[in-house]
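In: No letters, just coordinates:
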């Protein structure tokens, strides 16, 4: 794999949150091969770092302050003699054409979306666990116009997120999907004012980081692993993972805190 390029992918840590930024605003943060490799490396580092609990993936703004999450794979780089993104198969942490889209991380990732998240950029957002979307942002399978296929999980994750019928509409037509519709159909988890998706995503990441981590991560893992399993197998897997959580002592600690009065009546934090 090519070396991490600090010019195309920026990495910052704020407390328990790792911020990973696609830094190609002159190309609306489209990903070329080197950037995909750098994104893959950045998420490998995140997953291996015990000091961070949540990652936020976002795109850099240009000199005029205009944001774009990601415009997909950089077709201009191909026209200029570049190469397609690589695919390396062999496990759950494979390299995908856009970088991390074949990785199964142990910790959650939040997409902070300003501007356009289209084509492969939409596939990157679908790979994330949660999507925080600016009110003027746009999703779309824009590559439909150019005969470029979805090869970073779009045909799989989109139906799983929003259902087959709605996904087929978006996949076949390539039409733009605004924030209101995205939230209504379950594509966006949060809608925030323009220019605030990053800070809102960091705040959400900090909230997730305050929970007991083993339990949250294992419940997330069970939710991801159940696809393709029969109901019986999925239930067995959930039970196995759940008991692994309990064996850490985290559940007993939480039960003790509850018995002492913490978190009664659905309260998640002290006001």
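Out: Looks like it came in fine. None of the values given here were measured: they were computed from a predicted structure. Residues are numbered from 1 along each chain as shown.
In: For residue 202, list the residues it contacts.
Out: 14, 17, 19, 56, 112 (CB atoms under 8 Å, 6 or more residues apart in numbering). For the C-beta atoms, the positions are set from N, CA and C on the backbone; glycine is no exception.
In: From those, which land in strands?
Out: Within the contacts of residue 202, membership in strands is found for 14, 17, 19, 56, 112, as judged by DSSP state E.
In: just curious, which of those is nearest to residue 173?
Out: For those, the minimum distance to residue 173 (CB to CB) is 26.2 Å, reached by residue 112.
In: Just to check, that closest one is in contact with residue 201?
Out: Yes. At 3.8 Å, residue 112 counts as touching residue 201 under the criterion of CB atoms under 8 Å.
In: any shared contact partners between these two?
Out: In contact with both residue 112 and residue 201: 56, 58, 132, using CB under 8 Å, 6+ apart.
In: Dig out what the second one forms beta bridges with.
Out: Right, residue 58. residue 21 (DSSP bridges).
In: returning to what we had before: so which of the shared contacts of residue 112 and residue 201 is the most crowded?
Out: residue 132 (29 neighbours; other CB atoms under 10 Å).
In: what sits against that one?
Out: 110, 111, 112, 113, 188, 189, 190, 192, 197, 200, 201, 204.
In: What's the end-to-end length of stretch 99-112?
Out: 17 Å (CA to CA, to the nearest Å).
In: List the buried residues in it.
Out: Neighbour-count burial for stretch 99-112 flags 99, 100, 101, 102, 103, 105, 107, 108, 109, 110, 111, 112 (criterion: 16 or more other CB atoms under 10 Å).
In: pLDDT at residue 141, what is it?
Out: If you check residue 141, the pLDDT there is 97.
In: Skipping its backbone neighbours, what lies nearest it in space?
Out: Spatially, and ignoring its direct neighbours in sequence, residue 141 is nearest to residue 174 (4.5 Å; CB to CB, 6 or more residues apart in numbering).
In: Check the gap between that neighbour and residue 153 for me.
Out: In this view, residue 174 and residue 153 are 17 Å apart by CB to CB, to the nearest Å.
In: circling back to that earlier point, what's the closest of the shared contacts of residue 112 and residue 201 to residue 8?
Out: Using CB to CB, those come closest to residue 8 at residue 58, 13.7 Å.
In: ok, the closest one touching residue 110?
Out: No. Counting by CB under 8 Å, residue 58 does not reach residue 110; the two are 9.0 Å apart.
In: who touches both of the two?
Out: residue 201.
In: circling back to that earlier point, want to try TSV for the contacts of residue 202, with pLDDT as columns?
Out: Shown next, in TSV, are those (pLDDT from 0 to 100):
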residue	pLDDT
14	98
17	98
19	98
56	98
112	98
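In: Just give me the neighbour total for residue 120.
Out: 32.
In: Surely it and residue 70 touch.
Out: Yes. At 7.0 Å, residue 120 counts as touching residue 70 under the criterion of CB under 8 Å.
In: Between those two, which contacts overlap?
Out: Shared contacts of residue 120 and residue 70, counting by CB under 8 Å, 6+ apart, come down to residue 31.
In: Can you add secondary structure and distance to residue 184 and give the buried residues of stretch 99-112 back as TSV?
Out: Converted to TSV, those look like this (DSSP: H, G, I helix; E, B strand; the rest coil; distance: CB to CB, whole Å):
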residue	secondary structure	distance to residue 184
99	strand	29
100	strand	28
101	strand	25
102	strand	29
103	strand	29
105	coil	28
107	coil	28
108	coil	23
109	strand	23
110	strand	20
111	strand	18
112	strand	20
